[in-house]
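Visitor: Predicted coordinates and the sequence they were generated for:
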Amino acid sequence: MASSETTTARLSEAAGEPVPSLAGIPAAPITRARPAITGAGPVAWARTNLFSGWVSTAVTLALIYVLGRWILGFLDWGILHAVWTVPDTAAGPDASACRDAKGTGACWAVIGEKYRFILFGRYPYDEQWRPAIVIALFIGLYIVSAMRRFWRPELLLVWVATLTAIGVLMWGGVLGMEFVPQDSWGGLPITLILSTFGLAFSFPLAVVVALGRRSTNLPAVKALCVVYVELIRGVPLITLLFMASVMFPLFMPPGLNPDKLLRAQVAVILFAGAYLAEVIRGGLQALPKGQYEAADALGLSYWEKTGFIILPQALRLVIPPLVNTFIGFFKDTSLVLIIGIFDLLTSGKVAITDPTWQGYSTEVYLVLAAIYFAFCFVMARYSRGLETEFSRTVRR
Amino acid sequence: MILRHGTMVAAAWVDHEDAIMSGAAIDPRLQPARAAPKKAFSLSWSDPRFRNIVWQVVILGTIAAIVWYLVQNTNRNLTARRIATGFDFLARTAGIPIGESLIDYDPSIHTYGRALTIGLLNTLKVAVVGVVIATIWGTLLGVARLSKNWLIAKCAAVYVEVVRDIPLLLQLLFWYSALQGLPQPRNSFHPLPGVFLSNRGVKVPLVEWEQPFWWALAALAIGIAGTMAWSRSATRKQESTGVRPKVWPVGLALMVAFPVAIWAVLGAPFDVEMPVLRGFNFVGGATLSPEYGALTIGLVIYTSAYIAEIVRSGILAVPSGQWEAAGAIGLRPGIVLRKIVLPQALRVIVPPMTSQYLNLIKNSSLAVAIGYQDIVSIANTTLNQTGQAIEGIAAIMLVYLVISLSISFFMNWYNARIALVER
C-alpha cells in the first residue's frame, strides 16, 4: 500500500519536471521521495505490523484500549482486591472478608480451602497421598510415552505395570493400605482414569474395527464395523452415558450389577473406539498401495502383512491425530458430570454448593479451566511438534 | 448403430485374418488377456473363499449370541421390575413442566409425545441459531488470524487456543453462572428501550404476529423465486451476448419492496408489546431465557474456534499464484475472491465444516446440564417418570441419527456440486 503511494507521488512529481533525455529514451525519473523505512527495529516493525494503514491503525488502537481495560480490570479483580486467605474459626472458615470483597475482588480463599476436595473428591482425607501419587504416575506415563526413544514394544509393559500400580493405589486393600471403594474416588484421578484407560482399551478395539472396515473379502464383518462406527459417531456421547447409567443394568443377568464408574468407562471405551477407528483407517488409507502389494508379493499371510508391514507404518502416521483425539476424550470425560460421577468438574461444582462458599463459582471454574487447559495445551503443542517433525522426514 | 457396430467388428476380424494369412507371428499382447482359471468352490480349509465364509459365520454367530443373551436378560429384568414396553406412553399425559416452548403446551393436558416434540424444537432452535452465528463469527476469526495486523492475528490465535483447550461443559457452566449473576429484575440493565437484562434472561419487545405478516412472507417467497429466475435468465443472456443485465434492482424490488407493499396495502399493522416490570418479574414481551442464552453463547464460542481453524486452513490452501494469475487477467479483487479463490477454498472447507456443524448439534445435548429443556433433557425426564429407559434412549438416538444423516446427505450433495470435476 505505502510503496504504491510513493510510486504514484514520484511519478506525478517527475511529470512536472523537464525530463532529461538521451537519444530519445526518457531517463529514469529522479526519485525525491524519502527512502522507505527498512530494516528491523521496533518502530519499523510496528509500522508494518500494527499501523500499516488508517483502518489497521484504528483497529489496533481500539483493540489496545479494550484489551488494556480488560487486563487491568482482571488484575484489579484477581490480584489487587483479591482475598487470598480467610481466618479459621471454631465454626469453620469465616468467609466474611470474601463477602465484603464480592463484586470488586476475587475470593481465592475458596481454592485454598477446597483444593483437596476439588483434586481428590470424597477420597478419605488421610489417604489422599495415594491419588496424589496416581496423578504423578499418570503424568509420568504421558511423559515417557511422548518420548520417541521409548517407542518400542517394552513401552506396552510400562503401560501395563503403571496402570496396575494405579489400580492398586486407588483401591488399596493390600500392602497395609486401607481399601477404598470406587464410590469414594473422585476429582482429577477420575478424569485421568476415564481418559487414559479409555484410550488403552479402545485402541485395540479401534485397530480391529479399522481393519474390519477396510476388509474386502469379509462383507458381513465390514458392514458390522460400518454400522458400529456410524451409529456411535452419529449420536452424542451423552446418550451413551445415559445408556450406561440406565440401560446397562437391564442388560445384565440378575445379581450382577457393575459399578457406575465401570459402566461409564465402558461407554467411554465404546465411544472412543469408533472415533479412533476412523483415525486409524485414515492412516491405513494414507499408506501407499505399493506397501500392500509388496507384502502380498512376498507371500505373507494377512496377519503377517498387517502385523509386520501395514500397522507399524500406519500407526506411526496417525500419532499426531491420535493425540488430538485423546485431547478430545480428555475434555469429553467431563460429561460424566451429567450421570453423577465424581470427576474433576463434578467435584469443583460440588465444592461450591457448600453454603459458606456459594457464589464463588467464577474463581473455581477459572481454576478448573486452568487445569484442563494445562493438560490439553501441552498435548496439543506436542502433537503439533510431532506433525512438523513427521512431515519433515516424509518430505526428505 | 447396429450396422456401424457390425462393420467395425467385421473390420477387426478382417485385420486379424490378414495377420494370420500373412504368416506374421501375432503379438501375444494383442490377444485378449486370459482370465485366471476358475477354481471350483471346495469345502476345504485351503480355499480362501471357504475360509472367509466360515470366519464371517463365526463372527456374526458370536455377536448374535451375545445380543440374544442381552435381550434375554433385558426381557427377564423388565418383567421382574414390571416395566412396560412399547411406545404407548407417548399418548399419555406428560405432566412435565416446560419453561420455554415454541408451541402451545400445558403439562396437565398434553402428552409425552408433544413434550418430546417441544424438546426436539428446542434442540433445533439452539442448533440453527448456533450454526449460523458460529459460522459468521468463526469465519471472521479465521480471517482475523491471517490478518497482516499482528495484534488482531495474535488475539484471534489466543482466543482459538484457549477456547479449544477447555471442556465445553465447563464453559457452559461458566456462562450459565455468569448469566445468573446478573441483577434481579428490579435492578435490571436497561440498555435500550424495551430491552431488559436480568437474571431471568433477556426481555425484548415482541411484535404481535398478525394475518398480513403471513401474506408479506408469501410475497417474500414469491420475490425470492422471481429473483432466482431473473438471475438465471441474466446468466443465459450473459452467455449469449456477453453483457449481464443488472440483477440487484430487480432483486431489491421483488424481495423488499413487494412484501412491504403487500403489508402496507393490508393496513400496515405493527403492534409492539413492551415488557413491563410488575412486582418481581416482567410482564409481556418475549424472553430469551438464561439457559438458552448460556447454551447458545457457549456453543457459538466453542464451535467458532474450530470453524476459525478450518477457514484459515481453507484460505491458506489456495496458492497465492491463483490471486496473482486472476489479477493478471484483469479481474477485480471482489471478483477474484468470489469466482477464483472462494470456490477453491470451499472445496477444502466444506467437509470439515460439516463435521463441526454435526458436533455443534450433538454438543447441544449438554443442555441437560444447565437445565435447558432440549430433547435429551425432556426424554431423560420422561424415562425417569415412566421407567422406560430403552424407549427413551432410542428416541434420543433416533432424533440425532436423523439430524446427523440428513445434514451429511445435504453437505455431501453440496460438496459434490462444488467438487472439482475431473476426467
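Guide: Right, received. Where do you want to start? Numbering: from 1, shown residues only, chains lettered A, B, ... in the order given.

Visitor: The closest residue to residue B:200 other than its chain neighbours - how many residues pack around it?
Guide: Nearest residue to residue B:200, sequence neighbours excluded (Cβ to Cβ, 6 or more residues apart in numbering or on different chains): residue B:185, at 5.6 Å. (Each C-beta comes from the backbone N, C-alpha and C, glycine too.) Residues within reach of residue B:185, counting by other Cβ atoms under 10 Å in any protein chain shown, total 20.

Visitor: likewise the one 3 residues further on?
Guide: When neighbours are counted by other Cβ under 10 Å, residue B:188 registers 20.

Visitor: so who does it touch?
Guide: The contact partners of residue B:188, taken as Cβ atoms under 8 Å, 6 or more residues apart in numbering or on different chains, are B:182, B:196, B:197, B:198, B:203, B:277.

Visitor: and what of residue A:96?
Guide: Counting by Cβ under 8 Å, 6+ apart, the residues that residue A:96 touches are residue A:86.

Visitor: can you tell me how far it sits from residue B:364?
Guide: 41 Å (Cβ to Cβ, to the nearest Å).

Visitor: what does residue B:82 give?
Guide: As judged by Cβ to Cβ, residue B:82 and residue B:364 stand 35 Å apart.

Visitor: what's near enough to touch residue 387?
Guide: As the question left the chain open, I've gone with chain A. Here residue A:387 is in contact with residue A:320 (criterion: Cβ under 8 Å, 6+ apart).

Visitor: sorry, should have said chain B
Guide: Residue B:387 touches B:81, B:83, B:84, counting by Cβ under 8 Å, 6+ apart.

Visitor: do that again at 6 Å, thanks
Guide: residue B:83 (Cβ atoms under 6 Å, 6 or more residues apart in numbering or on different chains).

Visitor: re earlier: quick one, which of residue B:82 and residue B:364 is more surrounded?
Guide: A side-by-side neighbour count of residue B:82 and residue B:364, using other Cβ under 10 Å, places residue B:364 first with 28 against 7.

Visitor: Please confirm that the more buried one is located within a helix.
Guide: Yes - assigned with DSSP: H, G, I helix; E, B strand; the rest coil, residue B:364 falls within a helix.

Visitor: Surely it touches residue B:126?
Guide: Yes - between residue B:364 and residue B:126 there is a contact at 4.8 Å, judged by Cβ atoms under 6 Å.

Visitor: Next, count neighbours for the residue of the stretch 201-350 of chain B found nearest chain A.
Guide: As assessed by Cβ to the nearest Cβ, chain A sits closest to residue B:302 within the stretch 201-350 of chain B, at 10.0 Å. Neighbours of residue B:302 under the rule other Cβ under 10 Å: 24.

Visitor: gap between the nearest residue to it once chain neighbours are set aside and residue A:371?
Guide: Nearest residue to residue B:302, sequence neighbours excluded (Cβ to Cβ, 6+ apart): residue B:168, at 4.8 Å. Counting by Cβ to Cβ, the gap from residue B:168 to residue A:371 is 16 Å.

Visitor: Over to residue A:160?
Guide: The separation that residue A:160 has from residue A:371, given Cβ to Cβ, amounts to 27 Å.

Visitor: More neighbours: those two, which one.
Guide: Remark: of residue A:160 and residue A:371, residue A:371 carries more neighbours, 18 against 11, as counted by other Cβ under 10 Å.

Visitor: Could you list the low-confidence segments of chain B?
Guide: B:1-38, B:420-423 (pLDDT under 70).

Visitor: cool, the stretch 1-150 of chain A as well?
Guide: A:1-39, A:91.

Visitor: If we use 90, what do you get?
Guide: A:1-60, A:63, A:73-134, A:142-150 (pLDDT under 90).

Visitor: For it, what lies in contact range of chain B?
Guide: With Cβ under 6 Å from any Cβ of the partner chain as the criterion, the stretch 1-150 of chain A meets chain B at residues A:49, A:50, A:56, A:60, A:63.
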